[in-house]
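In: quick one: sequence plus predicted model below, questions after.
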Number of protein chains: 2
Amino acid sequence: MIQHLVAAIDIGGTNTVFGLVDVNGKILLKESVATGNFPIPEDLVAVVCEHINKSLIKFQSKYELVGVGIGAPNGNYFTGNIEFAPNLKWKGIVPLSKLFSDKLSVKTVLTNDANAAAIGEMMFGAANGMKDFIFITLGTGLGSGIVVNGEMVYGHDGFAGEIGHVIMFPDGRQCGCGRKGCLETYCSATGIKRTYQQLSPNNQQQFSSKYIFDRAVSGDKEAVDAFNYTGEILGLALANSVAYTSPQAIFLFGGLAMAGDFIFKPTIESFEKNLLNIYKNKIKIQPSQLNENDAAILGAASLVWKEIIK
Amino acid sequence: MIQHLVAAIDIGGTNTVFGLVDVNGKILLKESVATGNFPIPEDLVAVVCEHINKSLIKFQSKYELVGVGIGAPNGNYFTGNIEFAPNLKWKGIVPLSKLFSDKLSVKTVLTNDANAAAIGEMMFGAANGMKDFIFITLGTGLGSGIVVNGEMVYGHDGFAGEIGHVIMFPDGRQCGCGRKGCLETYCSATGIKRTYQQLSPNNQQQFSSKYIFDRAVSGDKEAVDAFNYTGEILGLALANSVAYTSPQAIFLFGGLAMAGDFIFKPTIESFEKNLLNIYKNKIKIQPSQLNENDAAILGAASLVWKEIIK
């Protein structure tokens, strides 16, 4: 019997990862190209489709392609376009969904990377069977995907779920979005680096958020304090988030979430402290179960699987 | 032809208003009793059902009862119970939905009053045809109902949509919920009174939020400032709310919303200033079109109509 496959594409500022994924989340192909090598999106689409078509020929006795799922920064589910993505070289509006469906002649679904990963968590991770949850990616910034009653919240314009840009402190830290005090200026890889720099001003070297983790492990008080401060603000922000959609669980994904207790302990402590009474001790904050390396592909694939299965 | 009717019941801390409403929002009966006169909920249910049954006999040649809709503080849509409502004499869990369906033998739907009013706005008010909006009631506290993709957001436990208890300022004003800095301690009838008292400490008299409005109309600078301060915080809170569900519009209902430009102007100004770029100039903040006196009944009725029509 011929089985179904979807092509999964994750457009990143640095790399575009793509592959073929079956309905159980088995990855049959995974490759990547440097996004920056393609100043024109049509050229990237052509190369990716060529690779995908070659693989499909190899698999054609067993599998057939039924859809394309795309996760992309500033990806709009309703239009299928990437719209004004600040971290890509492609300016303005890029009709990426149409470019792929023209080449591959199947249904194409596109959304932003955090939404895609949230659906991936629902299909192939710890949110399996959950109808109400929030998915947070702690990367360079803070991305989020909100699921209500089993459905991704896209909002009126396709741009719902920007929890990283909730203003936590008016006149707080300058954010890349032009405003001040956004959550992601505190709670992200970049945010914790700014915190550590403030707490440890004599440390002049260039460092990564992984370096802060290593320092914390080795007992550096300022590094531990940086995690505590990050968790305190994240916990407050998540407690406030619960007042909107009252989820069953909140998942943390990405580099910072790998820091284990250093980030989870202060986050959960602040979360429970700041929750409205009716929500206390009900909602789990837990790490994503998606494998860091496969999450983008699985998320993009699950976009299509969710619509087909539904 | 026999037409359908629903019984609509709004349980308030002071009064319980109930009535009969047709599918077009026409109110055929509207009465009220003092909630406090019924220390036992069964007694209130008995009296309300007696009135409703009497009216139904009068209408029986033309109408038949198809459901009961109930708006109640701390009303849980999933369980049909009122759960630990601080403003009612009934303590603990009250299975109100069951009490009514046992008496009237029709489908009964219950949720909190703000959610009911939000659905009322969607069926009979300015949100008609909208799929994504937020409804805010500015009363003694700040209530909210969030609609996503045409459906009320109830959350995992039935208690979603408590925007009044988003913490705006850690260590801010003491809230009745036991925490500090909740939105409703600033943006509500009670909130603006606290603000005016701070701005005008020599004014020793007891006053209502209506008094502050009258003072503002007569040019009292502190009263105008109190509205500006309230609007500034409300605008920021609503801008943050957009980052969750990206609605098409936000509706303001209740006493404070009747203050017109005094509240709408500073709110909209702060809202647009604090919005993330991608949301700017897209989302209307506007007054509810539900009549203040009928909103509770229409909201409760629309709970049932929405489920029947759907």
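Out: Yep, that arrived. The structure displayed is predicted, hence computed values, not measured ones.
In: stretch A:86-98 and chain B in contact?
Out: No: figure legend: stretch A:86-98 not in contact with chain B (CB under 8 Å from any CB of the partner chain); closest approach 9.8 Å. Using the backbone N, CA and C atoms, a C-beta is placed for each residue, glycine as well.
In: buried ones in that stretch?
Out: For stretch A:86-98, a neighbour-count test (16 or more other CB atoms under 10 Å in any protein chain shown) marks A:88, A:90, A:94, A:96-97 as buried.
In: what's next to it, contact-wise?
Out: Stretch A:86-98 is contacted by residues A:11, A:13, A:35-36, A:39, A:41, A:45, A:68, A:70, A:72-75, A:79-84, A:108-110, A:176 when judged by CB atoms under 8 Å, 6 or more residues apart in numbering or on different chains.
In: the spatially most central residue of chain A: what secondary structure?
Out: Residue closest to the average C-alpha location in chain A (CA atoms, centre = their mean): residue A:114, at 2.8 Å. Counting by DSSP: H, G, I helix; E, B strand; the rest coil, the backbone at residue A:114 sits in helix.
In: now the residue nearest to it when sequence neighbours are not counted. Its backbone dihedrals?
Out: Distances taken as CB to CB, 6 or more residues apart in numbering or on different chains place residue A:143 nearest to residue A:114, at 3.2 Å, with adjacent residues excluded. Per-residue torsions, residue A:143: phi -100, psi 160 (degrees, to the nearest 10).
In: so residue A:143 makes contact with residue A:111?
Out: No: here residue A:143 does not reach residue A:111: they are 11.3 Å apart, not a contact under CB atoms under 8 Å.
In: about what we covered before: test my guess that the residue nearest to the centre of chain A contacts residue A:138.
Out: No: counting by CB under 8 Å, residue A:114 stays clear of residue A:138, with 10.5 Å between them.
In: when residue A:143 and residue A:111 are compared, which one has more neighbours?
Out: For residue A:143 and residue A:111, the more surrounded residue by other CB atoms under 10 Å in any protein chain shown is residue A:111, and the numbers stand at 28 against 25.
In: just the element for residue A:235, please.
Out: helix A:221-245 (DSSP states H and E).
In: hmm, who's touching the following helix or strand past that helix?
Out: On the C-terminal side of helix A:221-245, the closest following helix or strand by DSSP H and E is strand A:249-253. The contact list for strand A:249-253 (CB under 8 Å, 6+ apart) reads A:117-118, A:121, A:125-127, A:130, A:133-138, A:238, A:241, A:263-264, A:267, A:283-288, A:290, A:295.
In: ok, now stretch A:121-137?
Out: A:25, A:113-114, A:117-118, A:142-150, A:163, A:238, A:241, A:245-254, A:257, A:286-290, A:298-299, A:302, A:305-306, B:155-156.
In: tell me which residues of that stretch come out buried.
Out: Across stretch A:121-137, burial judged by 16+ other CB under 10 Å covers A:121-127, A:130, A:132-137.
In: list buried residues within the contacts of stretch A:86-98.
Out: When those are checked for burial by 16+ other CB under 10 Å, the buried set is A:11, A:35, A:41, A:45, A:68, A:70, A:72-75, A:79-83, A:108-110.
In: now, these that are in strands?
Out: Among those, DSSP state E puts A:11, A:68, A:70, A:82-83, A:108-110 in strands.
In: that older thread, would TSV of the buried residues of stretch A:121-137 with secondary structure and pLDDT be doable?
Out: TSV is the format used below for these (DSSP: H, G, I helix; E, B strand; the rest coil; pLDDT from 0 to 100):
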residue	secondary structure	pLDDT
A:121	helix	97
A:122	helix	96
A:123	helix	95
A:124	helix	94
A:125	coil	95
A:126	coil	96
A:127	coil	97
A:130	coil	97
A:132	coil	98
A:133	strand	98
A:134	strand	98
A:135	strand	98
A:136	strand	98
A:137	strand	96
